[in-house]
Every structure is written in structure tokens, then in C-alpha cells.
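Asker: after the sequence you'll find the predicted model.
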Amino acid sequence: MGTKYVSDRSAIKVKLETTPGVYIVPDAVLPLEKGSGIWMPNYDKDESDPVSSHHGSKETTIITAFADVPVSSAMKLPSVHTLIDAALQACGLTPVIETGYVAYAYDSENKKTLSLLQVSERKTTAAYGARGDFSLTMEVGKSAEVSFDFKSLLSAVTQLSAADEDNAVPGTPTFDKVYMTKDCTAYLVNGNSAHFKKVVFNLGADIKIPKDTCAGACYTHDTKPELQVLMSVTEDNEDAFDDLKSGTQFNFVIPLFDANGVKKWELIAPKCVVIEQKTPDNEGRLDVDRTFECRKVSGDDNFELRCYTA
């Protein structure tokens, strides 16, 4: 019997696949927060219940050939896009280099997938054909966070034997974080400044896992981008039932800054319509909590995520 406890330390490496669904050894470490947990593959169970004069005759066969691996990963949003570029592309976003920034927009023709490798103290788990969904949370007084949820297919699980030394768990890359600023003129709704308290963007990707004898990569069936906005109620943004009734359109510009006040990211949503709203109270004042559907103007332009490089 072993006498040494095993900690939950782990890191995730990623790499875009050259051919979707063909494993390639990952080499870039995602800058995760602690608590992502050790991956547990999903596998098939085939249960037989033969006719018998005795109880307890059921038998279950475990089939791992078609196992998949759900991967959830949360991290602070880095001020540089390179640390999460592969993850964003595997969510269907395609980068375009512009003067002074890189623009990420969803591309329905983007089929890119990731190979993933989780390295923990005593086990490594490899997966391929990963396709993802993501959300971006921005809140006053906190650093912005990005969360990725991938679905992938299991490649291999390697467990160390009792005599083996622990795996070397890679360290997380260091980076500067980004924040909302106190200057409300930086945030625009239909060209006017806005009093945001919290903004959450969800891609709303519906990811499918193939189930056949020659399974390829996971794929995105559809997306439903939404923007959830929490604001203090003022006389110009009160609970407006007319906006729900009429389908009033809004456009948003939501920047994020580093600790020195330099703009690093910007979320742009050009055509948003309210689909749900609440008016919660907060310490004697009213807030308005609205969920917007981010609609396309033409093609795949429901939103754009810019990372400024200059």
C-alpha cells in the first residue's frame, strides 16, 4: 500500500490540430486558475440481464472505444491574445490581423479543433478533436475572466506505477490581467456612455460528439450569442418594457484595460435585442438585469472580440 497522498495539481496543454480529429502532441500551456479538477472520461456501459432462476445475474460491460472527455477550464483573461489563441480558434473564432489589433470573429466555416493533454502528478490524459464554447465575464472591481468548455474524444490515459516518480506538472505562464475602468464614457450603448456593473458574454455553442466506428472530430452544430448586462437603474435606462415589446436594437462597445489604463481588449456587439429582463434591488437602489440576443447584421458578424497589440 502506498503511503504518499496525491495532490490535485494539474496543467492543460493544447495545440491546434493540422487535421481535425487527428491527435497532435500539445505544447502550449493554458493559463488556468486552480480547481479545474482531474478529467474523467465518459464511456459506454452495455448491460445484460439474462433470464435466470437467481437474482443478481445482471452483467455490465464497459466499452471505452468511444469514450469522450468533457473539459472545463476557467482563467483570468490575459492581456495578450497568444495565450488563448488556440482555444478561441477551437471555439470557431478566426483571427484577422488589423492595424494595432487582432480581431476575432466567429466563422461558420471554421472547423478547427484542439488536441488536449492534462498532466497531473500521477496521470496524463490525452484527448483529440476538441471543439469548444466560451464565456467572458467582466465585473467592476475584478479582473475579467474567460471560461472554456470543450468536448473531445479520448486518446489515452496513462497512469504511473507505484515505483514511478511523479510527473513534472508544467507551470502556468505569467501574464497581465485586464479590468473594467471607472470611466463610464469608455463604455458605449448606442453611442452613449453606460453605467455597467457586470457584463457576461456567452457564445452559446451547441457542441456535438460524433458516435460512429470511424469517429472524426467534435463539431459545432449552432451558436446563440448572448450578452447579459447588469446596470444601476438611472432615469435614462429604467426598466423599459417597450424595449421588450418592440424589439429595440442596441449596439455595445465594452473595452477592458490593464492596470496602467491601457486598452487591451474590446467586445463589440452591433445588433442586440432584449429577450429577458429583471429589476433586482441592491442596497436600497434598483438594478436592471438584461439579457440581450446578439444578432447578425450580415453573415457571421454577431460580435467581434478585439485584442489590441499597440
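Answerer: Alright, I've got the coordinates.
Asker: all helices of this protein, in order?
Answerer: Counting by DSSP state H, the chain has helices at residues 85-89, 241-246.
Asker: tell me which of these lies nearest to residue 147.
Answerer: Closest to residue 147 of those is helix 85-89 (C-beta to C-beta; 10.3 Å). (C-beta placed from N, C-alpha, C; glycine too.)
Asker: of the helices of the chain, which shows the lowest average pLDDT?
Answerer: Looking at the helices of the chain, the lowest mean pLDDT belongs to helix 241-246 (a mean of 68).
Asker: would you mark the buried spots in stretch 63-80?
Answerer: 66-71, 73-80 (16 or more other C-beta atoms under 10 Å).
Asker: where does the stretch 101-250 of the chain dip in pLDDT?
Answerer: Low-confidence segments of the stretch 101-250 of the chain (pLDDT under 70): 235-242, 244.
Asker: identify the bridge partners of residue 104.
Answerer: residue 95, residue 305 (DSSP bridges).
Asker: neighbours of it, how many?
Answerer: Neighbour count of residue 104, defined by other C-beta atoms under 10 Å: 23.
Asker: now it: how far from residue 19?
Answerer: The spacing between residue 104 and residue 19, counted by C-beta to C-beta, to the nearest Å, is 23 Å.
Asker: same question for residue 293.
Answerer: Taken as C-beta to C-beta, the span from residue 293 to residue 19 is 35 Å.
Asker: count the neighbours of residue 44 for me.
Answerer: Residue 44, neighbours per other C-beta under 10 Å, totals 13.
Asker: surely residue 136 is in contact with residue 77?
Answerer: Yes - contact criterion C-beta atoms under 8 Å: residue 136 and residue 77 qualify, at 6.9 Å.
Asker: what touches both of those two?
Answerer: Common neighbours of residue 136 and residue 77, counting by C-beta atoms under 8 Å, 6 or more residues apart in numbering, are 144-146.
Asker: redo those as JSON lines? Include neighbour count and distance to residue 13.
Answerer: Compiled in JSON lines, these are given as follows (neighbours: other C-beta atoms under 10 Å; distance: C-beta to C-beta, whole Å):
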{"residue": "144", "neighbour count": "23", "distance to residue 13": "23"}
{"residue": "145", "neighbour count": "17", "distance to residue 13": "21"}
{"residue": "146", "neighbour count": "22", "distance to residue 13": "18"}
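Asker: from the residues you listed, pick the one nearest residue 97.
Answerer: residue 146 (20.6 Å).
Asker: doesn't residue 84 make contact with that closest one?
Answerer: Yes - between residue 146 and residue 84 there is a contact under C-beta under 8 Å: 6.6 Å.
Asker: in this structure residue 125 contacts residue 39, no?
Answerer: Yes - contact between residue 125 and residue 39 holds when scored by C-beta under 8 Å: they sit 4.8 Å apart.
Asker: got any residues that touch both of these two?
Answerer: 69, 118.
Asker: which residue ranges form the strands in the stretch 1-150 of the chain?
Answerer: Ranges of strands in the stretch 1-150 of the chain, per DSSP state E, counting those that start in this stretch, are 10-16, 28-29, 42-48, 59-76, 93-98, 101-106, 114-120, 123-139, 145-159.
Asker: can you redo the ones you listed as TSV with distance to residue 273?
Answerer: Output for these, formatted as TSV (distance: least, C-beta to C-beta, whole Å):
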stretch	distance to residue 273
strand 10-16	34
strand 28-29	37
strand 42-48	36
strand 59-76	29
strand 93-98	22
strand 101-106	18
strand 114-120	32
strand 123-139	19
strand 145-159	24
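Asker: what's the closest of the ones you listed to residue 275?
Answerer: strand 123-139 (16.9 Å).
Asker: direction included, what does the closest one pair against?
Answerer: When DSSP bridges is applied, strand 123-139 pairs with strand 114-120 (antiparallel), strand 145-159 (antiparallel), strand 196-202 (antiparallel).
Asker: alright, I will stop here.
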